[in-house]
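K.L.:
Take a look and give me a structure for this.
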Amino acid sequence: MYTISVPYTNYKKEAKRKTVSFNLDGREVFKLLPELKSVFDWMESNKNEELRELSVEEVRTFYNNFEHILLESYGEMSEDGEEFDKDGKFAFEKTALFNACMVMFVTKPDECNKMLEGVMPMDLFKMLVDAVPTDATATQDEKDAEIARLRAMVLEGGATSTAPDA
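P.N.:
Residues are numbered from 1 along each chain as shown. This is a model prediction of the structure:
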């Protein structure tokens, strides 16, 4: 789970601060594999580089995938810790707080990294980083095949806390 206190200005121009929580369980991670892969690729391609010109399509693809991840991971934990209620994601999407979260995560790569690491179960995070091809020589078909293999592994109940053999 990832929890952060976010400063924002509401639509009445009042300064506010609210704590929000994000979390994904294992099955949600596997549903979001294409979006997560796209975001990881984006972050890797912009790592340790000087400013480079980005295409509109590149930025739009990153934004849409990250927005989907953020909305799917937003929720509130029950007092007993047994549930993480995500029924409020559509209401959250309409708020100035949501806008502030998106702007913060998109403009602050370190916060985006913390959020992604925080929302995912660590064993799955490591497995995804290790298992899904990220090199430029991997074809889209190879990447899609690896994502399909990981999804099938979960459906068969074979998810492990270590990276699968290559």
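K.L.:
Can you list the buried residues in stretch 67-81?
P.N.:
Neighbour-count burial for stretch 67-81, counted by 16 or more other CB atoms under 10 Å, picks out 67-75. In short, each C-beta sits where N, CA and C put it, glycine included.
K.L.:
just stretch 90-100 next, same as before
P.N.:
Going by neighbour count (16+ other CB under 10 Å), the buried part of stretch 90-100 is 92, 95-98, 100.
K.L.:
Among those, which are located in helices?
P.N.:
Mapping the buried residues of stretch 90-100 onto helices (DSSP state H) picks out 92, 96-98, 100.
K.L.:
if we can go back for a sec, out of the buried residues of stretch 90-100, which is nearest to residue 29?
P.N.:
Lowest distance from residue 29 to the buried residues of stretch 90-100 (CB to CB) belongs to residue 92, with 20.0 Å.
K.L.:
ok, the closest one to residue 109 distance?
P.N.:
Separation of residue 92 from residue 109 (CB to CB, to the nearest Å) stands at 23 Å.
K.L.:
Tell me if I'm right that residue 46 and residue 112 touch.
P.N.:
No: in this structure, residue 46 is not within contact of residue 112 by CB atoms under 8 Å, at 10.6 Å.
K.L.:
which stretch of helix or strand covers residue 11?
P.N.:
If you go by DSSP states H and E, residue 11 is not part of any helix or strand.
K.L.:
So it sits against residue 94, correct?
P.N.:
No: using CB under 8 Å, residue 11 makes no contact with residue 94, being 10.0 Å away.
K.L.:
my guess is residue 39 meets residue 63, correct?
P.N.:
No: taking contacts as CB under 8 Å, residue 39 lies outside contact range of residue 63: 9.9 Å.
K.L.:
Of those two, which one has the most company?
P.N.:
residue 39 (20 against 14; other CB atoms under 10 Å).
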